[in-house]
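J.: A predicted structure for the sequence below; I have some questions about it.
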Amino acid sequence: MRWLLLILALLLTPAAVQAVEPDEILDDPKLEQRARDLSVEIRCVVCQNESIDTSNAEIARELRILVRERLVAGDSDQQVLDYLVARYGEFVLLRPPMKPETYLLWFGPLILLLLGMAGIFLFFRRQRAEIALPPALSVEEEARLASLLGNDGRQSEGQSRE
Amino acid sequence: MVKRILFLLPVLIFAMVAGYFLWGLAPGRDPGSVPTVMIDKPTPTFDLPAVPGLNVPGLATADLGDGEVVMVNFFASWCVPCRAEHGYLTDLVARTGVPLYGINYRDKAEDAVAWLAELGNPYRRIGADAGRGAVEWGVTGVPETFIIDAAGRIRYHRRGPLVPQIIEREVEPLLRALRP
């Protein structure tokens, strides 16, 4: 039971244990919150797809401190991001900006979804059209059908009874 | 006709996926490499002190772009590829006479001094950087090397060591073009 509780407690701890160290935290809680929110958007440039907010890399710490310095100096959030983009390129942003080069990235999934839906729609429409309109019998088929059934329905009825 | 195209679809999808795999698993590709945006930008604003105990002046923006083509190399004593490229850099300086400036990144002064005493010092100036200098240069690690033209503009940026192949193919032709 005690083990179970321990395992539960461990499982319930937030997965991303924060990397922000106490000496980095700003005194102004509002500014600190802005720094935290910004840090989530900034890629740690030496990590694989990790933000500077959760990374323990030296350079992530350097960037966290830099973000806070810029905010204290009065930069807007966008100015901080621009400062980093000027040095590390848009690679440093975890959320790619919306611009003509990234339209495919942003809208690609939607385009694929629409194409798929169009494909499904066409498939079912054609299937329904086939069910609704069975091909008419050719002249030979009509003749064969008539010979199989006999000349009138009564005779065939009699035959089936035998 | 439409049916035939439909039958080809799996083959096309396979070819696409295989193409991506081929690209993604190519031996030369490094998924961790960060593209540079520093080319053609002016030298960043920075001012780094000398490494204590080393008889070499520090490095600042003012030392670059005063009419001479120079190379700036980020290095550290704890960095193994830096040790590997050190001999090639020394050779390059001896051969071409290009001024080589160093930026000692996140290093202990005594370690840097010992490292240079052991391997020799090809650097004319060395700035000691605790981390911020690298950010100003858009540097993600060591070694990284820049070539600055006479007007103080960044013309070349390489992440990783300058191995002979790179020096021969990229660095020397550019140096020759920039230095008449």
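T.: Good, I have the coordinates.
J.: Is the residue most central in space within chain A within a helix or a strand, and which one?
T.: Residue closest to the mean C-alpha point of chain A, counted by C-alpha atoms, centre = their mean, is A:Pro109 at 7.6 Å. Element membership of A:Pro109 [criterion: DSSP states H and E] is helix A:103-132.
J.: What of B:Met71?
T.: strand B:70-75.
J.: residues near residue 102, how many?
T.: All of this refers to chain A. By the criterion of other C-beta atoms under 10 Å in any protein chain shown, A:Thr102 has 13 neighbours. Just so you know, the C-beta spots here come from the backbone N, C-alpha and C atoms, and that holds for glycine as well.
J.: meant chain B, my bad for not saying
T.: Look at B:Gly102: counted by other C-beta under 10 Å, it has 30 neighbours.
J.: quick one: it from B:Pro10, how far?
T.: Using C-beta to C-beta, to the nearest Å, B:Gly102 is found at 56 Å from B:Pro10.
J.: Kindly report the same for B:Pro164.
T.: Counting by C-beta to C-beta - B:Pro164 and B:Pro10 are separated by 46 Å.
J.: cool, and B:Val142?
T.: 47 Å.
J.: of the two, who's got more company?
T.: Shown here are B:Val142 and B:Pro10; by other C-beta under 10 Å, B:Val142 has more neighbours (27 against 9).
J.: ok, that one - contacts?
T.: Going by C-beta atoms under 8 Å, 6 or more residues apart in numbering or on different chains, B:Val142 touches B:Phe74, B:Phe75, B:Ala76, B:Cys79, B:Pro81, B:Cys82, B:Tyr105.
J.: Closest one of those residues to chain A?
T.: For these, the residue nearest chain A by C-beta to the nearest C-beta is B:Tyr105; the value is 9.8 Å.
J.: For the closest one, list each beta-bridge partner.
T.: Bridge pairing for B:Tyr105 (DSSP bridges) gives the partners B:Asp129.
J.: you'd agree it is up against B:Gly127?
T.: No. B:Tyr105 is beyond contact range of B:Gly127, at 9.5 Å (criterion: C-beta atoms under 8 Å).
J.: low-scoring pLDDT stretches of the chain, where are they?
T.: Going with chain A. A:12-18, A:132-134, A:151-162 (pLDDT under 70).
J.: that answer is for a different chain, and I need it for chain B
T.: Using pLDDT under 70, chain B drops low at B:1.
J.: which stretches of it form strands?
T.: B:47-48, B:59-60, B:70-75, B:100-105, B:125-129, B:144-148, B:154-159 (DSSP state E).
J.: Identify whichever of those lies nearest to A:Glu41.
T.: Of all those, it is strand B:154-159 that lies closest to A:Glu41, at 23.2 Å by C-beta to C-beta.
J.: That closest one packs against which elements?
T.: Under the contact criterion of 3 or more C-beta pairs under 8 Å, 6 or more residues apart in numbering or on different chains; DSSP states H and E, strand B:154-159 touches strand B:144-148, helix B:172-178.
J.: and that strand with strand B:144-148, angle?
T.: Strand B:154-159 and strand B:144-148 are oriented at 170 degrees to each other (axes from the mean of the first three to the mean of the last three C-alpha atoms, to 10 degrees).
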